[in-house]
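Asks: predicted coordinates and the sequence they were generated for:
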Amino acid sequence: MKLSEVRKMINESTNKRILSQTKSQPIQLTFNNVNIKTDKEEFLVKGVSGTVKPGKLIALLGPSGCGKTTLMNTITGLLDENLTGDG
């Protein structure tokens with residue numbers, strides 16, 4: 001089995017599990033003044049705020065290395081170390 005097939009199976013399984021657990025009202029996700037630092041106190045993400053409304057698709061754009069993946073990992077709860085923010 002190819003790695004891409006394994007990833008697809010994992011993603012499909014995860015998506016089904018998540019969807020089965022989210023039979024509640026749609027939510028709005030708001031994040032304010034998110035700051036993420038390295039252990040050396042260097043900012044990976046600084047002062048980022050935003051809102052994701054229910055049912056809306058968003059695109060996060062920026063140059064390589066600007067913190068897009070770090071921000072998404074933080075918002076989704078995959079990364080919570082060295083995080084500060086308001087609210």
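Replies: In hand now; what should we look at? The model shown is predicted, which means the values in this text are computed figures rather than measured ones.
Asks: so where do the helices sit in the protein?
Replies: Using DSSP state H, the helices assigned to the chain run over residues 3-21, 68-75.
Asks: what comes up buried for the shortest one?
Replies: Spelled out, that is helix 68-75. Buried residues in helix 68-75, counting neighbours by 16 or more other CB atoms under 10 Å, are found at T70, L71, T74, I75. Glycine gets a C-beta too; all of them are placed from N, C-alpha and C.
Asks: re the thing from before, and the helices of the chain, which one's lowest on average pLDDT?
Replies: Mean pLDDT values for the helices of the chain show the minimum at helix 3-21, a mean of 67.
Asks: quick one: contacts of stretch 55-73?
Replies: Here stretch 55-73 makes contact (CB atoms under 8 Å, 6 or more residues apart in numbering) with P26, V34, I36, L44, V45, V48, V52, L79.
Asks: state the pair within these that is farthest apart.
Replies: Taking CB to CB, the two most distant members of these are P26 and L44; they sit 29.7 Å apart.
Asks: more neighbours, those two?
Replies: Higher neighbour count among P26 and L44: L44, with 18 against 9, using other CB atoms under 10 Å.
Asks: got a list of what the more buried one touches?
Replies: So L44 contacts I36, K37, T38, G67, T70 (CB under 8 Å, 6+ apart).
Asks: out of these, which is nearest to E12?
Replies: T70 (25.8 Å).
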